[in-house]
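Peer 1: Whatever this is, show me its structure:
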Amino acid sequence: MFNHKVEKKVNRSTRKCKTAKKQEEEEEIKKVQEEYDKVDSCNLQKFSDFPLSRRTKHGLQNSGYHYPTEIQREAILFSLRGMDILGAAKTGSGKTLAFVVPVLECLWRQRWSSVDGLGALIISPTRELALQTYETFCKVGCMHDFSAALVIGGTDADYEKRRIGQSNLVVCTPGRLLQHMDENPLFDTTQLQIIVLDEADRILDLGFSAQLNAIIQNLPETRQTLLYSATQTKSVKDLARLSLKNPVYVSVHENSKFCTPERLKQNFVVCKEEDKLNYFWSFLRTHTKCKVLAFFTNCKQVRFVYEAFRRLQPGLTVLHLHGSMSLQKRVNVFKEFQRKKFVVMFSTDIAARGLDFPCVDWVVQVDCPADLAEYIHRSGRTARYNNKGRALLIVNPAQTIFVEHLKEKRIPISEIQINYEKFLNIQTKLQTFCSQDPDFHSICSRALVAYCKSLHFAKNKEIFNMEKIDLEALAKSMGLFSVPRMRFLRNVNKKVHLVDGSLSEEKQPSDEMVHVPDIQNETKHELDSDEDSDFLKVKQHDVFNVMGQEDNFNVPNFQMSNDISKKKLITRASKVKKMNKKNIQLNQKIIFTEDDDNCNDELKEMQRSEEAGSSESYIELAKKRLKEADEIDKKVYRERSRMIKRERLLKKKLKKAEKRHRQLPLSHFEEENGESDSASEAEQEPDLSWLPDPDKVYKYPEEEVVVPDAQLKRKTQKNLKEKEIESKKKKMTNSKCMGELTLEDQEAFALSLLEM
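Peer 2: The predicted structure is shown next:
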């Protein structure tokens with residue numbers, strides 16, 4: 001009874017504590033909400049001055065965030081008031097924290113718990129950025145009771161399905177989120193309060209448009225939306241897709257002098273395309289005590305440079321990061337690059353957006369970026385917050401136009417010259433690697449093809465022009481001895497014209513015979529005509545002078561007829577079939593050897609066949625020869641099978657005769673063989689000369705029994721049996737006991753008794 005009373009008192013005290021905490025939280029929520037409209041952003045110098053909950057302030061202080069940046073100071077207040085935000089700021093200005101704090105406060109104000117389900121959704125374009133955002137939420141929101149989940153590709157989807165329904169906050173990539181929406185019945189978004197699109201311009205791009213449209217259809221209409229990026233979009237179509245309600249555009253650096261961070265020093269160097277790799281190697285050899293991040297166009301280039309420089313050993317740790325790697329490898333490389341000081345990492349554009357790498361000294365863009373936004377995001381991986389950094393852009397002489405565009409868009413960039421005293425050439429070493437290792441050779445050729453493909457299909461032909469690149473020199477600089485075949489250049493080598501309303505295509509050599517370096521000698525008109533994938537060109541508008549008549553008809557300029565059929569490919573086999581149908585004699589190949597007689601015999605046979613006027617083709621003659629050979633083989637096979645059968649029968653009968661201790665006449669075997677084989681199949685008897693003489697083995701008298709008829713044969717057998725029995729009886733009478741007989745005599749006697 002005493003214990004029971006104590007338990008009741010404890011339960012009452014815990015209930016009182018819980019109710020007191022709830023009352024305190026409700027009062028705190030009311031006070032914080034009243035301060036939202038009273039506080040001015042100009043007076044907020046520290047995070048402790050913000051109208052935030054105690055738990056959020058504790059998390060910020062423990063994580064080391066004390067002073068807010070400009071984007072954080074302006075955007076947090078508007079988002080706390082429940083407004084939709086379009087946030088744009090320079091790279092490294094703290095945009096992640098600008099939406100982490102409002103998301104935590106939104107769930108805290110509504111006293112969200114695991115029972116309520118999903119309350120906040122954060123979408124990132126890459127897995128690395130989603131992982132970094134998730135870690136920030138875990139640090140800042142460590143004092144809250146919310147459950148967070150990281151949902152990205154490359155992980156176990158079945159494991160995520162069981163637990164995602166109990167998560168209050170989900171950080172994800174678009175592909176995996178859409179997969180759970182379609183396949184997981186436990187994933188419910190009806191109670192969603194706030195959604196965040198990190199690097200919104202990339203997610204709203206064509207690459208994620210279909211996925212984003214499907215995601216938005218599953219979300220409730222009443223929600224708060226936050227968009228953040230360094231290059232924010234203002235497109236009405238994109239914003240209408242997200243159904244924003246009176247969004248606030250927050251751009252703290254829109255009126256600043258430069259678009260990039262102030263402490264970022266930017267340079268560019270002009271060199272030929274075939275000298276890029278040598279220059280980059282020389283750069284790394286002179287910066288071995290730095291942390292370098294290098295960007296390339298595609299995954300195959302990244303892998304090639306990594307394999308080449310790993311073997312050359314530049315003097316610092318070499319890493320690579322691209323989309324075709326597994327998730328675990330990507331995470332390990334990401335953390336290793338964050339941890340090490342003297343390291344170089346080759347990467348594609350998956351590391352260009354949002355990732356915060358500490359203490360990056362140099363960002364080198366070996367390949368020219370596609371547009372201005374891509375350049376800003378790449379160079380923004382250094383000089384983050386108040387740190388210094390340097391960015392280097394390597395361009396060929398034809399890509400200097402891009403530098404002029406950068407200067408027009410308020411980006412300060414200056415040219416530096418190459419120091420040829422420290423210039424190193426690695427062409428011979430790469431050639432030795434290619435000759436020694438076929439795998440490295442294939443990696444090198446694929447990298448070259450992928451780079452040329454990216455140039456060929458680029459939209460901006462002023463900057464990315466294959467005419468001005470020496471492919472042979474570029475291939476040699478990468479270690480190749482020749483230019484590999486490029487199938488995507490098929491349309492470049494074909495000329496298609498439209499003349500008098502009919503389609504006439506000039507015959508061009510096949511893909512196997514195309515010599516890639518000859519593309520440089522083609523005219524600029526042919527290469528520019530492939531822009532926007534238009535392989536047909538209108539030769540003349542209004543051919544029949546329809547538009548010039550009095551009656552204005554709505555007639556299109558030109559309309560292709562669907563009756564034009566593509567020419568069928570004529571293969572070698574189809575040509576041979578046509579020749580056979582027409583009975584045309586094909587050419588024959590004569591091989592002259594040292595034996596003149598054989599050659600003369602072959603020529604004579606050919607002359608005889610020609611004189612006879614045989615119109616049969618080579619294929620028909622070959623068929624006849626095959627049939628004849630098949631018949632001969634069948635006969636030989638039959639003879640062999642007969643011989644084997646006969647030998648088996650003889651062996652069986654000899655064994656039986658050995659057991660019975662008597663000899664069967666050869667005529668007996670001949671009769672049985674004659675009865676078993678048909679008259680048509682009877683041929684020569686097998687050679688039995690190799691068999692031993694049974695008379696000598698068993699010591700029987702040399703008398704051969706001739707059996708004219710079956711009856712006589714039976715009588716002779718009975719007489720022989722009787723004589724054997726009588727002789728054995730005499731032996732038994734002469735002997736005193738059976739023990740004196742040999743084993744052979746005893747066995748024969750027992751058999752004779754059984755036969756009687």
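Peer 1: Between the two ends of stretch 243-253, how far is it?
Peer 2: 26 Å (C-alpha to C-alpha, to the nearest Å).
Peer 1: Show me which positions of it end up buried.
Peer 2: Using 16 or more other C-beta atoms under 10 Å as the test for burial, stretch 243-253 gives 244, 247, 250, 252-253. Where C-beta positions appear, they are placed from N, C-alpha and C, glycine not excepted.
Peer 1: Can you tell me what sits against it?
Peer 2: 70-71, 74-75, 78, 83-90, 93, 216, 221, 225, 227, 232, 234, 239, 259 (C-beta atoms under 8 Å, 6 or more residues apart in numbering).
Peer 1: Can you tell me which of those are buried?
Peer 2: 70-71, 74-75, 78, 83-90, 93, 225, 227, 232, 239, 259.
Peer 1: Give me the subset of the residues you listed lying in strands.
Peer 2: Residues of the buried ones among the contacts of stretch 243-253 located in strands (DSSP state E): 85-88, 225, 227.
Peer 1: State the number of residues packed around the residue lying closest to residue 55 once chain neighbours are set aside.
Peer 2: Leaving aside its sequence neighbours, residue 55 sits nearest to residue 143 (C-beta to C-beta, 6 or more residues apart in numbering; 3.8 Å). A count of nearby residues for residue 143, using other C-beta atoms under 10 Å, gives 15.
Peer 1: Please apply the same query to residue 238.
Peer 2: Neighbours of residue 238 using other C-beta under 10 Å come to 18.
Peer 1: ok, how many other residues are close to the closest residue in space to it that isn't next to it in sequence?
Peer 2: In this structure, residue 238 finds its nearest non-sequential neighbour in residue 204, 4.5 Å apart by C-beta to C-beta, 6+ apart. As a burial measure, residue 204 scores 21 neighbours (other C-beta under 10 Å).
Peer 1: cool, and the one 10 residues further on?
Peer 2: Using other C-beta under 10 Å, residue 214 is surrounded by 14 other residues.
Peer 1: Next one: it from residue 203, what distance?
Peer 2: From residue 214 across to residue 203, the span is 13 Å (C-beta to C-beta, to the nearest Å).
Peer 1: and if you look at residue 276?
Peer 2: Note on residue 276: its distance to residue 203, by C-beta to C-beta, is 32 Å.
Peer 1: Pick out whichever of these two has more residues nearby.
Peer 2: With neighbours defined as other C-beta under 10 Å, residue 276 and residue 203 compare such that residue 203 has more, 23 against 19.
Peer 1: quick one: contacts for the more buried one?
Peer 2: 123, 125, 174, 197, 212.
Peer 1: now for the longest helix seen in the chain, which elements pack on it?
Peer 2: In the chain, taking DSSP state H as the definition, the longest helix is helix 618-660. Contacting helix 618-660 under the criterion 3 or more C-beta pairs under 8 Å, 6 or more residues apart in numbering; DSSP states H and E are the following elements: helix 572-581, helix 666-676.
Peer 1: That helix vs helix 572-581, what angle?
Peer 2: For helix 618-660 against helix 572-581, the angle by axes from the mean of the first three to the mean of the last three C-alpha atoms, to 10 degrees is 100 degrees.
Peer 1: Need the mean per-residue confidence for helix 618-660.
Peer 2: For helix 618-660, the mean per-residue pLDDT is 85.
Peer 1: ok, now stretch 80-93?
Peer 2: Mean predicted lDDT for stretch 80-93 stands at 91.
Peer 1: do stretch 40-60 as well
Peer 2: For stretch 40-60, mean pLDDT is 92.
Peer 1: what about that stretch, how long is it end to end?
Peer 2: 20 Å.
Peer 1: Buried ones in it, by neighbour count?
Peer 2: Those buried within stretch 40-60 under the rule 16+ other C-beta under 10 Å are 44, 47, 50-53, 55-57, 59-60.
Peer 1: hang on, the earlier thing: now the contacts of residue 203 as JSON lines including neighbour count and secondary structure?
Peer 2: Below are the contacts of residue 203 laid out as JSON lines (neighbours: other C-beta atoms under 10 Å; DSSP: H, G, I helix; E, B strand; the rest coil):
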{"residue": "123", "neighbour count": "23", "secondary structure": "strand"}
{"residue": "125", "neighbour count": "24", "secondary structure": "coil"}
{"residue": "174", "neighbour count": "20", "secondary structure": "helix"}
{"residue": "197", "neighbour count": "24", "secondary structure": "strand"}
{"residue": "212", "neighbour count": "22", "secondary structure": "helix"}
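Peer 1: Show me which pair in those is furthest apart.
Peer 2: 125 and 212 (10.5 Å; C-beta to C-beta).
Peer 1: intersection of neighbour lists for those two?
Peer 2: Counting by C-beta under 8 Å, 6+ apart, the contacts common to residue 125 and residue 212 are 174, 203.
Peer 1: Can you flag which of the buried residues of stretch 243-253 belong to strands?
Peer 2: Per DSSP E, these map to strands at residue 250.
Peer 1: Tell me the one among the buried residues of stretch 243-253 nearest to residue 456.
Peer 2: Among the buried residues of stretch 243-253, and counting by C-beta to C-beta, the member closest to residue 456 is residue 253, at 36.3 Å.
Peer 1: What does the closest one show for phi and psi?
Peer 2: phi -110, psi 20 (degrees, to the nearest 10).
Peer 1: and the gap between it and residue 372?
Peer 2: 15 Å.
Peer 1: ranges for the helices of the stretch 201-350 of the chain?
Peer 2: Here the stretch 201-350 of the chain has its helices, by DSSP state H, counting those that start in this stretch, at 209-217, 236-241, 276-285, 299-312, 327-339.
Peer 1: Reformat the ones you listed as JSON lines; add distance to residue 637 and mean pLDDT.
Peer 2: Below are these laid out as JSON lines (distance: least, C-beta to C-beta, whole Å; pLDDT from 0 to 100):
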{"stretch": "helix 209-217", "distance to residue 637": "66", "mean pLDDT": "90"}
{"stretch": "helix 236-241", "distance to residue 637": "78", "mean pLDDT": "75"}
{"stretch": "helix 276-285", "distance to residue 637": "67", "mean pLDDT": "95"}
{"stretch": "helix 299-312", "distance to residue 637": "57", "mean pLDDT": "96"}
{"stretch": "helix 327-339", "distance to residue 637": "61", "mean pLDDT": "94"}
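Peer 1: Many thanks, have a good one.
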